[in-house]
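In: Attaching a predicted model along with its sequence, questions to come.
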Amino acid sequence: MRRAIWPAALALLLLTGCAGTASEPPSASPQPSPAASAAAPAPSPTETAEDQGPAPEEVFDQLPDEFLFSSGAGGWGTILSIESDGSFSGEYHDSEMGGTVPLCYYCEFSGTLSQPERVDAYTYSTTLLSLEQEKEEGEEYMEDGIRYIISTPYGIEGAEELLLYRPGTPVSELPEEFRGWTGLSGTAAPETLSDWGLYNVNTQQGWIGYEGD
């Protein structure tokens, strides 16, 4: 199990025209010469592709190590890792350590995503193709003095369409719900995303990407 990653992951989340004088119009509009028209350079395909972000088939290769879903309050969160082929794995964790026996709600899960499709210059859409969890919900067991209760993959369950926002996306153009979940709704929020974002459209839940240890 990868429970050791949670303190670092949750701590990371808490830190998370010129004006001129108009001239009189000419009496007759000159027609542009063929030479002048031919001299106008066409937009560079390389520059256009760069402005549009990575090609859809390259998106999974460029994603960060992990995405984190958490409110920033309490000891819960979900971590998700997406591989270059669209397969993913993750775990949900919520702890209650105040009782006689420490309690942990836990879920390990995995699944696959479809190849992303471009929505606009900053956004890609992918579909949840499969989702499985390692143990059945409600199952209980003891380990190292902690009582574990199997939960569900919070944040990814109920998903159909998932949106991926690339770095550089204007924060003002992101859904309000995404900004709320990822701590980007305040006046101190940056103008653009510094890393990839993930948005569960059905449940309106947002994840933020980061590089793990």
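Out: The structure has been received and is ready for your questions.
In: dump the residue contacts of the nearest residue to Y165 once chain neighbours are set aside.
Out: Excluding the flanking residues, the one nearest Y165 by CB to CB, 6 or more residues apart in numbering is G197, at 3.9 Å. (C-beta placed from N, C-alpha, C; glycine too.) Applying CB atoms under 8 Å, 6 or more residues apart in numbering to G197 gives the contacts 164-165, 169, 174, 178, 182, 206-209.
In: any idea of the pLDDT on G197?
Out: Per-residue pLDDT puts G197 at 98.
In: quick revisit: among the contacts of G197, which one sits closest to P102?
Out: W207 (26.9 Å; CB to CB).
In: Find the helix or strand that the closest one is a member of.
Out: strand 205-210 (DSSP states H and E).
In: for that strand, packing partners?
Out: Applying 3 or more CB pairs under 8 Å, 6 or more residues apart in numbering; DSSP states H and E, we find strand 205-210 packed against helix 6-14, strand 66-69, helix 176-181, strand 197-200.
In: Of those, which shows the lowest average pLDDT?
Out: Looking at the helices and strands packed on strand 205-210, the bottom one is helix 6-14 with a mean of 42.
In: how deep is S81 tucked in, by neighbour count?
Out: Neighbours of S81 under the rule other CB atoms under 10 Å: 17.
In: who touches it in this structure?
Out: With CB under 8 Å, 6+ apart, S81 has these contacts: 65-67, 88-90.
In: out of these, which one sits closest to A188?
Out: Closest to A188, out of all of the contacts of S81 and judged by CB to CB, is F67, at 22.1 Å.
In: unless I'm mixing things up, Q133 is touching Y92, no?
Out: No - assessed by CB atoms under 8 Å, Q133 is found out of contact with Y92, at 9.1 Å.
In: Comparing the two, which residue is more hemmed in?
Out: Ranked by neighbour count (other CB under 10 Å), Q133 and Y92 place Y92 first, with 25 against 19.
In: which element is L131 on?
Out: Going by DSSP H and E, L131 is in strand 123-133.
In: which of the residues in that strand are buried?
Out: For strand 123-133, burial by neighbour count (16 or more other CB atoms under 10 Å) applies to 123-126, 128, 131, 133.
In: Direction included, what does the following helix or strand past it pair against?
Out: Next along the chain after strand 123-133, taking DSSP H and E as the criterion, comes strand 140-143. With DSSP bridges as the test, strand 140-143 is paired with strand 146-150 (antiparallel).
In: Between strand 123-133 and the partner strand, find me the angle.
Out: Orientation of strand 146-150 against strand 123-133 (axes from the mean of the first three to the mean of the last three CA atoms, to 10 degrees) gives an angle of 110 degrees.
In: In PDB, list the C-alpha atoms belonging to the helix or strand following strand 146-150.
Out: Using DSSP H and E, the helix or strand that follows strand 146-150 in sequence is strand 161-165. This file holds the C-alpha atoms of strand 161-165, laid out as PDB (Å, rounded to 0.1, in the frame of the first residue of the first chain):
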ATOM      1  CA  GLU A 161     -16.400  12.700 -19.500                       C
ATOM      2  CA  LEU A 162     -13.200  14.000 -17.900                       C
ATOM      3  CA  LEU A 163     -11.600  17.300 -19.000                       C
ATOM      4  CA  LEU A 164      -7.800  17.900 -19.000                       C
ATOM      5  CA  TYR A 165      -6.600  21.500 -18.800                       C
END
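In: Give me the contacts around strand 161-165.
Out: 59, 63, 113, 116, 119, 122-128, 174, 178, 193, 196-202.
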